[in-house]
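Colleague: sequence-free structure coming up:
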DNA sequence: TGTTGGTCGGTTTTT
DNA sequence: CCGACCAACA
């Protein structure tokens, strides 16, 4: 069957687009001093081009320093994207390079899309001429399609998603005769990912890593995985970077071609690059001595929040070493936030060591600007309720007479489980919200199934797609048949679809299975033939109809079925934007997200991680408690570095706010089903008092607790409401360790609306302070309580102990019903 | 082949 | 405590 890839143009077959306004093509060989001089002259003599006006001096320097390496340290809200896009426009307008000679790399597809749009606006018109603007991965695919054979692949290779990868690894683990329960495929997929992020091939992985998995067979398993990918004519995401790196290293002539091609290289979000990306970049950016390395990296070390998935902040920290003579430009003038927000964020991030050091400032100071407000709530339910009320207040315009749009507000959480409470609350309030992130369109089961059909039509060797849909819908081709097919194919080193075609010629299978398989094979033959001459939309619909896939969902009576059918329609609709089925598949494998509905006015709820790069008038930051934020695991696993990354996350959160930033913490949170008392986040102590207000009693204290010790005014009555809470060993140590860093905080902390419920002496909840673990001490000491004891709990009131397991008590409360709580939080009455 | 019960884990996510 | 996922069943 023909499997040509003619519809994907290779770069050197594209006609060179003429520069839009540039008078002459770039001079070959030298760095174009003549043009530079002319551009400078043009700038000095005439009015600067429109696109340069309105840039501040630093931005302008970043745009106009075209020769040699440049590092732009762009703080939050300092116009980073503007610099990047204007710089590209400037390169084009001064005729220094054709659009196809600029390599511009982003991390997300969204960023790439936005950059394209904005360059289009600046240069006036479409930017189709920028074929090398994209994510590391999409550019990687392009390179790899061009040189696939050098990586042992054909140019029509498939890109596997995580789901495929896990299934494949599982097969390999089982094939090795290993227990896939003991050695989970998911975990190994994670290990491979980590290795590939570091640019490590099977031969390169540390011996320790290799031994740590699959009875010491880690390395073999990784090698087997790579081999299997090759036979499948497939690669995973990591390979999109690693294969090009290997190709460049082994073929200096090819690398040289690209050196000649890419006159200018730009990298966005440089602080998020991992080692593999760094290696890739260095290969492309390096130049013989004397030839300027026109590489411009833009980033912010203070916003590096992806260390846990392999990003190396170090890449940005050592830029000047890597590219000698680099010009380093700091953008510190912030156009987004009020002085209070910048002041709070700046003081917080100053607690990190090992930063390049920037201080954001603004001179648009307004005495009416609200300080950052810290609120205390009793528990997460009250937190959600109070945030909901604040949102409604803003919406109505109570406080300042202005009615605020929900679109201008966001709730940024540390962990996604926090979202639920807000969603619940907003549903009851009838408040529109949208969750950003979460499960994505192309990850839905029905979409993946449909895509598997399309993949198999385009790429008959895609065994993973074959196995996914061969019995979906049910065709009576169960495990036994599939395994037989699998073994048959592996033994002869042919694709399973081919194996199926062979087998139906024999009488190996039972008549029923044979008939079913025959039908499927026929169908695929039919569809593959139509691939070249039938419009892809029509063919796709046909495939889903004829395969019985849509019928399967039509006959499904479950509640989700109609939604799934709707998604399938949406899938077909989204294909219209593409020229061919292959083009569509490529897009989807790289761009996993679908557009969000922006029309509705709604509050956004998302994690801090997905908020990077966004901005909102008002930002709510709930859950600032030790253990949650900074997250306990970040501290346990990352120590000081982990803490600093958490702090950067907090910095990212605060700097998302343009005008209003409300931070919340609660005293009680249910973690793994147990009610736990929590301490306010240390980050709160790191905020400067002069930019922060503490909201006093701004919530309705409903709930339990009745009578005695109830949550209300009384909690402020105590001479020192922190006496109990802050008597844990960890806290004491933190007090001793206090440096000048905390001196400018809120001093005595007493006006602070908090009370803890730690009655018992340092309960079972010691924490980590400054990266030092004070163990999550669950030391099993015999309980001081017995079943039947009458006890009091500050949240739930009085009750009787029904059961005791270690330090966990099950208590029948008079008013709150049965709850499980840690014994440190109750006292005998 | 679909249901059920039992176990395990429970931060962040792109491509 | 709750949900996802997997193995054992009817």
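Modeller: Yes, it's here. Quick caveat: nothing in here was measured; it's all calculated off a predicted structure.
Colleague: Kindly report the residues of the stretch 1-150 of chain A close to DNA strand B.
Modeller: Contact residues of the stretch 1-150 of chain A with respect to DNA strand B, defined by C-beta under 7 Å from any atom of the strand, are listed as A:107-110, A:135-138. C-beta coordinates here come from the backbone N, C-alpha and C atoms, glycine included.
Colleague: Nearest to residue A:187, out of these: which one, please.
Modeller: Using C-beta to C-beta, residue A:137 is the member of these that lies nearest residue A:187, at 23.1 Å.
Colleague: I'd like to know which of the residues of the stretch 1-150 of chain A next to DNA strand B are buried.
Modeller: Among these, those that count as buried by neighbour count (16 or more other C-beta atoms under 10 Å) are A:107-109, A:135-138.
Colleague: quick revisit: of the residues of the stretch 1-150 of chain A next to DNA strand B, which belong to strands?
Modeller: Assignment to strands by DSSP state E places the following of these there: residue A:135.
Colleague: Grab the nearest non-local neighbour of the one residue in the stretch 1-150 of chain A that gets nearest to DNA strand B.
Modeller: Taking C-beta to the nearest atom of the strand, DNA strand B has its nearest neighbour within the stretch 1-150 of chain A at residue A:137, 2.8 Å off. With sequence-adjacent residues excluded and distances taken as C-beta to C-beta, 6 or more residues apart in numbering, residue A:137 is closest to residue A:240, at 4.8 Å.
Colleague: Where does that neighbour sit: helix, strand or coil?
Modeller: Reducing the assignment at residue A:240 to three states with DSSP: H, G, I helix; E, B strand; the rest coil gives helix.
Colleague: what about it, neighbour count?
Modeller: Per other C-beta atoms under 10 Å, the neighbour tally for residue A:240 reads 25.
Colleague: May I have the phi/psi pair for the nearest residue to residue A:251 once chain neighbours are set aside?
Modeller: Across the structure, with C-beta to C-beta, 6+ apart as the measure, the residue nearest residue A:251 apart from its sequence neighbours is residue A:150 (6.5 Å). Dihedral angles of residue A:150 (phi, psi; degrees, to the nearest 10) stand at phi -70, psi -10.
Colleague: Count the neighbours of residue A:150 for me.
Modeller: Applying other C-beta under 10 Å, we find 16 other residues in the vicinity of residue A:150.
Colleague: Just the pLDDT for it.
Modeller: As summarised for this prediction, residue A:150 has a pLDDT of 96.
Colleague: What distance do you get for the residue of the stretch 1-150 of chain A closest to DNA strand B to residue A:476?
Modeller: Distance, residue A:137 to residue A:476, by C-beta to C-beta, to the nearest Å: 39 Å.
Colleague: next one: residue A:546
Modeller: When C-beta to C-beta is applied, the distance between residue A:546 and residue A:476 equals 18 Å.
Colleague: same check, this time on residue A:249
Modeller: 50 Å.
Colleague: near DNA strand C, which residues of chain A?
Modeller: Taking C-beta under 7 Å from any atom of the strand as the criterion, the neighbours of DNA strand C within chain A are A:180-181, A:672-673, A:820.
Colleague: from these, which single one is nearest DNA strand C?
Modeller: The nearest member of the residues of chain A next to DNA strand C to DNA strand C, counting by C-beta to the nearest atom of the strand, is residue A:673 at 2.1 Å.
Colleague: Point out where chain A drops to low pLDDT.
Modeller: In the predicted model, chain A carries pLDDT under 70 at residues A:1-48, A:125-129, A:594-597, A:696-783, A:794-795, A:805-807, A:816-817, A:824-825.
Colleague: Centre of it to the edge, which residue is at the far end?
Modeller: residue A:507 (50.9 Å; C-alpha atoms, centre = their mean).
Colleague: That residue should be in a strand, yeah?
Modeller: No - with the criterion set as three-state DSSP, the secondary structure at residue A:507 is coil rather than a strand.
Colleague: now the helices for the stretch 101-250 of chain A?
Modeller: Read by DSSP state H, counting those that start in this stretch, the stretch 101-250 of chain A holds these helices, from start to end of the chain: A:109-123, A:136-146, A:162-175, A:185-197, A:207-212, A:218-231, A:239-250.
Colleague: The residue nearest to residue A:251 contacts residue A:247, doesn't it?
Modeller: Yes - in this structure residue A:150 lies within contact range of residue A:247 using C-beta atoms under 8 Å: 4.8 Å.
Colleague: Could you name every residue contacting both of these two?
Modeller: Counting by C-beta atoms under 8 Å, 6 or more residues apart in numbering, the contacts common to residue A:150 and residue A:247 are residue A:254.
Colleague: can you point me to the longest helix in chain A?
Modeller: Ranked by residue count, the top helix of chain A under DSSP state H comes out as helix A:632-655.
Colleague: Any idea how far that helix is from the middle of the chain?
Modeller: Distance of helix A:632-655 from its chain centroid, counting by C-alpha atoms, centre = their mean, to the nearest Å, is 15 Å.
Colleague: Residue A:412 and residue A:603 touch, don't they?
Modeller: No - under the contact definition of C-beta under 8 Å, residue A:412 does not touch residue A:603, with a separation of 11.2 Å.
Colleague: which one is residue A:276 nearest to, not counting chain neighbours?
Modeller: Leaving out its chain neighbours, the residue that sits closest to residue A:276 by C-beta to C-beta, 6+ apart is residue A:199, at 4.2 Å.
Colleague: typo on my end, it should be residue A:438
Modeller: Across the structure, with C-beta to C-beta, 6+ apart as the measure, the residue nearest residue A:438 apart from its sequence neighbours is residue A:416 (7.2 Å).
Colleague: just residue A:518 next, same as before
Modeller: In space, not counting the residues next to it along the chain, residue A:518 is nearest to residue A:504; the distance is 4.6 Å by C-beta to C-beta, 6+ apart.
Colleague: For the one you found, what are phi and psi?
Modeller: Dihedral angles of residue A:504 (phi, psi; degrees, to the nearest 10) stand at phi -70, psi -10.
Colleague: how close does residue A:212 sit to residue A:533?
Modeller: Computed with C-beta to C-beta, the distance linking residue A:212 and residue A:533 is 52 Å.
Colleague: And for residue A:515?
Modeller: Plainly put, residue A:515 is 29 Å away from residue A:533 if you go by C-beta to C-beta.
Colleague: So between the two, which is more surrounded?
Modeller: Residue environment comparison for residue A:515 versus residue A:533 gives the larger neighbour count to residue A:515, 14 against 7, counting by other C-beta under 10 Å.
Colleague: Could I get the contacting residues of that one?
Modeller: When contacts are counted by C-beta under 8 Å, 6+ apart, residue A:515 is found next to no other residue.
Colleague: element containing it?
Modeller: Applying DSSP states H and E as the criterion places residue A:515 in helix A:511-530.
Colleague: any bit of that helix sitting next to DNA strand B?
Modeller: No - counting by C-beta under 7 Å from any atom of the strand, no contacts exist between helix A:511-530 and DNA strand B, the nearest distance being 9.7 Å.
Colleague: Can you pull up the residues of the stretch 401-550 of chain A that come close to DNA strand B?
Modeller: The interface of the stretch 401-550 of chain A toward DNA strand B, taken as C-beta under 7 Å from any atom of the strand, is made up of A:414-417, A:437, A:440, A:471, A:474, A:476, A:478-479.
Colleague: 6 Å instead, please
Modeller: Within the stretch 401-550 of chain A, the residues that sit near DNA strand B (C-beta under 6 Å from any atom of the strand) are A:415-416, A:437, A:474, A:476, A:478.
Colleague: Run a quick neighbour tally on the residue nearest to residue A:642 when sequence neighbours are not counted.
Modeller: Nearest non-adjacent residue to residue A:642, counting by C-beta to C-beta, 6+ apart: residue A:634, 4.0 Å away. Neighbours of residue A:634 under the rule other C-beta under 10 Å: 22.
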